[in-house]
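[1] Quick one: sequence and predicted model below, then my questions.
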Amino acid sequence: MQDNTPLLNRAEQILRYLRHELTVPEEGEFLHWLSENPGQQKFVAALCTEQGMEAELRFMDHNNREEDWHALQQRIQENSNRGKGIWLWQKVISIAAVLLVLTATGFYFYEHFGAKPKITIQDLAKHDIQAGGNKAYLTLADGKQIALTDLENGKVAEQAGLSITKMADGKLLYELKDDPEANHNNKGEISYNTISTPAGGQYQVVLPDGSRVWLNAASSLRYATSLASLKERKVELSGEAYFEVSKAEGQSGKPFIVKSRNQEVEVLGTHFNVCSYDQEPSSATTLLEGRVKVRRSGVFERTLTPGEQSLVGKGIEVRKVDTVTAVAWKNGLFKFEDANIYEVMNQFSRWYNFEVAYEGKVPDNKFKGEVYRNLNASKAMKLLSYANIKFRVEVNSKEPERKKIIITSNQ
């Protein structure tokens, strides 16, 4: 997918990411952008460490961008002098803006700058795309990022009340011990963690109050490192998640609030699903049991009963739905009930991590049926063949790891 974001704006976004200043929706969009190109991931990952930043600076020096380079060196020296000659990572961050402005030339973002990309057509049956799996990244309050996918079985991390365990059956469980002292940093500010899944990833989270959250692909959840001393249990979601809110003693009187795009969902103890991807026309909340209140920007409010779904756009629409369909993803299924081609391909693209484009008249078929999420993409895409919808698979030489599927008209 071509990135239409101005490069200078993207550079500023990287800087805000390094400083942990992105909102949950912004971080979700940013992580989705990163997932589209391994080169972009490597570049940003390098900036997250002192050694990596130094390597990027040396690379700039090697490429002899003299005017910019000397200005940057002078800025580094000024910051070092103020720090009594001590090279601190915080000082590197303070001059990162200068480095990132240089990225506005496009020099870092495109490994083959100036070269015309080569597009090849592939047979999906011969060059299949594997199904997603348990993949996630945990960003701690101090900025440290842990790739949960790589962890071995058993307890693998513990910090300020944090315990991460990979179970013997391969599932990854993230658990926070409810330690009030872990809820604030040394400045007295509330500390937050963020767990994010890439495209092709999913993850299960156990929050400190005992509530369970299942994150779907390309999603992120931000929450306080402890909930004991807070008046309300508030989390921020980008993407999709299924919640089983705990009614544990000491928590039952505290409202549990999920903030996502254009809405807040408030519950006291219940099971519900929130789908709030930017690619979808509205934010959908589906209630399985209990009661929830759905608010849009504090203006509109509706109360849902089991079996109802709210759609939040300019207002709030409430309708009866099959809840099994709404949470099928959590149970290992794609389940479609009169879904259009956009709904089907949005789900497939997030799970299989490919780009989707449409050519010619967009098919107006409605899809009904189930597909197992553990199947490779070639088998899942057979759903389209039943409707005589054809597609081709393109691979860009600049992004060989991420395929593009072009949906063509069936007429």
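    Ah, there it is. Numbers count the residues shown, from 1 in each chain.

[2] Can you tell me the element Ser238 falls in?
    In this structure, Ser238 sits in strand 233-244 according to DSSP states H and E.

[3] So in that sheet, which strands flank that strand, and in what orientation?
    Using DSSP bridges, the neighbouring strands of strand 233-244 in the sheet come out as strand 212-215 (antiparallel), strand 219-224 (antiparallel), strand 256-260 (parallel), strand 271-276 (antiparallel).

[4] Could you list the domains of this protein?
    Each structural domain of the chain that the record assigns through automatic domain parsing is listed here as a residue range: 7-114, 121-128+336-408, 134-326.

[5] Lowest average pLDDT across these?
    Lowest mean pLDDT within the domains of the chain: domain 7-114, a mean of 56.

[6] all helices of the stretch 201-350 of the chain, in order?
    323-326, 341-352 (DSSP state H, counting those that start in this stretch).

[7] Columns mean neighbour count and distance to Asn216 on top of those, output as TSV?
    In this view, the C-beta of every residue, glycine as well, is placed from N, C-alpha and C. Formatted as TSV, the helices of the stretch 201-350 of the chain follow (neighbours: other C-beta atoms under 10 Å; distance: least, C-beta to C-beta, whole Å):
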stretch	mean neighbour count	distance to Asn216
helix 323-326	18	11
helix 341-352	21	7
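
[8] so which of the ones you listed comes closest to Glu308?
    Among the helices of the stretch 201-350 of the chain, helix 323-326 comes nearest to Glu308, with 9.0 Å by C-beta to C-beta.

[9] contacting residues around that closest one?
    273, 275, 284, 286-288, 306-307, 309, 335-337 (C-beta atoms under 8 Å, 6 or more residues apart in numbering).

[10] how about 10 Å then?
    Residues outside helix 323-326 that contact it (C-beta atoms under 10 Å, 6 or more residues apart in numbering) are 240, 242, 271-275, 284-289, 306-309, 331, 333-339, 368, 370.

[11] buried subset of the residues you listed?
    Neighbour counting over these (16 or more other C-beta atoms under 10 Å) leaves 240, 242, 271-275, 284-288, 308-309, 333-336, 339 as the buried ones.

[12] Out of the strands paired with strand 233-244, the one nearest Lys166 is which?
    With C-beta to C-beta, the closest approach to Lys166 among the strands paired with strand 233-244 belongs to strand 212-215: 16.0 Å.

[13] On the secondary structure side, give me the element for Lys404.
    strand 399-408.

[14] Buried residues of that strand, list them for me.
    In terms of neighbour count (16+ other C-beta under 10 Å), strand 399-408 has its buried residues at 399, 402-408.

[15] just curious, which of those residues is nearest to Lys379?
    Distance to Lys379, by C-beta to C-beta, is smallest for Ile405 among the buried residues of strand 399-408, at 14.3 Å.

[16] List the residues that contact that closest one.
    124, 129, 345, 348-349, 352, 354-358, 377, 381, 384, 391-394.

[17] In strands, which of the residues you listed fall?
    The members of the contacts of Ile405 that map onto strands under DSSP state E are 355-358, 391-394.

[18] want to throw those into TSV with distance to Val321 and neighbour count?
    Below are the ones in strands among the contacts of Ile405 laid out as TSV (distance: C-beta to C-beta, whole Å; neighbours: other C-beta atoms under 10 Å):
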residue	distance to Val321	neighbour count
Glu355	29	17
Val356	25	19
Ala357	29	13
Tyr358	27	16
Phe391	29	17
Arg392	34	14
Val393	33	22
Glu394	35	15
